[in-house]
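> only the shape, not the letters, is given here:
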């Protein structure tokens, strides 16, 4: 089942990398919620498409998305909570400078679409301070 989730993420990444806002939005359910790291929200597939058209055609034109799955947890047979590290950039190596939470829902055709997405920018200093204050080992501060 995890391979199916990773395939859904691969489609999302491919659509972003192609600069295709419609194909990107098609990876989300009709009523999906989408929250970016700055706090802006898009509600619904059409809003996700509309909001990503200027992103992919101007602001992030030519950028590449990189995603690495860190955790998948299934809530029943049709819902998966997915945690990733990811990033978007134009350089040779796209940094994994954000953490994303996805809620994927299995569709009637057996495929998976994203129902909810939250993107959070990593703040290395805050991560280190939190780890230090809780007496856990501080996270590695090396770039990915």
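Yep, it's here. What you see is a predicted model; the values in this text were computed from it and never measured.

> switch to C-alpha atoms for all contacts and neighbour counts from now on
Fine.

> what helix or strand does residue 61 sit in?
Assessed by DSSP states H and E, residue 61 sits outside every helix and strand.

> number of residues surrounding it?
The tally of other residues near residue 61 (other Cα atoms under 10 Å) stands at 17.

> and if you look at residue 70?
Residue 70 has 11 nearby residues by other Cα under 10 Å.

> the closest residue to it other than its chain neighbours and residue 5: what is the separation?
Nearest non-adjacent residue to residue 70, counting by Cα to Cα, 6 or more residues apart in numbering: residue 84, 5.1 Å away. From residue 84 across to residue 5, the span is 12 Å (Cα to Cα, to the nearest Å).

> just checking, next helix/strand downstream of the longest helix anywhere in the chain?
Longest helix of the chain, by residue count under DSSP state H: helix 2-17. Using DSSP H and E, the helix or strand that follows helix 2-17 in sequence is helix 21-25.

> quick one: that next one to chain centroid distance?
14 Å (Cα atoms, centre = their mean, to the nearest Å).

> which helices and strands does the helix or strand of the chain with the lowest mean pLDDT pack with?
The helix or strand of the chain with the poorest confidence is helix 124-133; it has a mean of 75 (mean pLDDT, DSSP states H and E). When contacts are defined as 3 or more Cα pairs under 8 Å, 6 or more residues apart in numbering; DSSP states H and E, helix 124-133 packs onto no helix or strand at all.

> for it, buried residues please.
residue 128 (16 or more other Cα atoms under 10 Å).

> what of stretch 61-73?
61, 63-67, 72.

> tell me which of the residues you listed is nearest to residue 52?
Distance to residue 52 across these (Cα to Cα) is lowest for residue 61, with 10.7 Å.

> per-residue pLDDT, that closest one?
pLDDT, residue 61: 95.

> tell me who's in contact with the residue nearest to residue 70.
67-71, 99-101 (Cα atoms under 8 Å, 6 or more residues apart in numbering).
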